[in-house]
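Asker: need a structure here:
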Amino acid sequence: MSLHPWHDIPLPQDVAEWFPVFIEIPKGSKVKYELDKPTGLLRVSRVLYSSVFYPANYGFVPRTYCDDDDPLDVLVLGQEEVAPQVLLRARAIGVMRMRDEKGQDDKIIAVHVDDPEYVVYRDIADLSEHRLRELQRFFLDYKVLEGEEVVVEAPLGASEALPLMREAIAMYEREGTRLRQSLI
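Answerer: You can find the predicted model right below:
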């Protein structure tokens, strides 16, 4: 029996200190991998059209569900790139509120808690202004040459990220049985 990364990875009781992230895309990549929901494997969605690359490791929080019919997206800051299909422990420090062609598509901004440089970060305010602008610019630019518009709002802190995470967990708890059955 194989584990499905979206449905079978348990969450801790309280996600405020840490939560698991399933990495889909390593920092520095131009390849957009995403979860193939029926198989639990990663598939190549596309190579980014713009001359940008992912500024941090990118993945999702298992056992979450959002209005875009996907698990909750997370951008995980850390010193090193992490290979796809690896679980790491992260802590939310903020959220980038976004809308794209499918609607609301928020991204949790988190830090890798097992990275000694980033473990001390607790809130988006701990990041430099330049780093925040880099993250915003990535999301503004990464779909431009595909002809898609993305609206990126100013990043919000950890106090706004945690309720969003808890809502995505609650939504999964309501919809999880249906989501699992759709795999059969």
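Asker: Could you name the helices and strands sitting against the one helix or strand Ala170 maps to?
Answerer: Under the criterion of DSSP states H and E, Ala170 resides in helix 158-181. If contacts are counted by 3 or more CB pairs under 8 Å, 6 or more residues apart in numbering; DSSP states H and E, helix 158-181 sits against strand 57-61, strand 72-77, strand 87-96, strand 107-112. (Each C-beta comes from the backbone N, C-alpha and C, glycine too.)
Asker: Show the model's pLDDT score for the residue lying closest to Val15 once chain neighbours are set aside.
Answerer: Among residues not flanking Val15 along the chain, Met165 sits closest, at 5.6 Å (CB to CB, 6 or more residues apart in numbering). For Met165, the pLDDT comes out at 98.
Asker: Export the helix holding Ala170 to PDB, keeping only CA atoms.
Answerer: Only the C-alpha atoms of helix 158-181 are listed here, as PDB (Å, rounded to 0.1, in the frame of the first residue of the first chain):
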ATOM      1  CA  ALA A 158       1.800  35.000  10.600                       C
ATOM      2  CA  SER A 159      -1.400  36.100  12.500                       C
ATOM      3  CA  GLU A 160      -3.200  36.200   9.100                       C
ATOM      4  CA  ALA A 161      -1.600  33.000   7.800                       C
ATOM      5  CA  LEU A 162      -2.600  30.700  10.600                       C
ATOM      6  CA  PRO A 163      -6.400  31.200  10.400                       C
ATOM      7  CA  LEU A 164      -6.100  30.600   6.600                       C
ATOM      8  CA  MET A 165      -4.300  27.400   7.200                       C
ATOM      9  CA  ARG A 166      -6.800  26.300   9.800                       C
ATOM     10  CA  GLU A 167      -9.700  27.000   7.400                       C
ATOM     11  CA  ALA A 168      -7.900  24.900   4.700                       C
ATOM     12  CA  ILE A 169      -7.500  22.000   7.200                       C
ATOM     13  CA  ALA A 170     -11.200  22.300   8.200                       C
ATOM     14  CA  MET A 171     -12.200  22.400   4.500                       C
ATOM     15  CA  TYR A 172     -10.200  19.200   3.900                       C
ATOM     16  CA  GLU A 173     -11.900  17.500   6.900                       C
ATOM     17  CA  ARG A 174     -15.300  18.300   5.400                       C
ATOM     18  CA  GLU A 175     -14.300  17.300   1.800                       C
ATOM     19  CA  GLY A 176     -11.600  14.700   2.400                       C
ATOM     20  CA  THR A 177     -13.800  11.600   2.000                       C
ATOM     21  CA  ARG A 178     -15.200  12.900  -1.300                       C
ATOM     22  CA  LEU A 179     -11.600  13.800  -2.500                       C
ATOM     23  CA  ARG A 180     -10.300  10.400  -1.600                       C
ATOM     24  CA  GLN A 181     -13.200   8.600  -3.400                       C
END
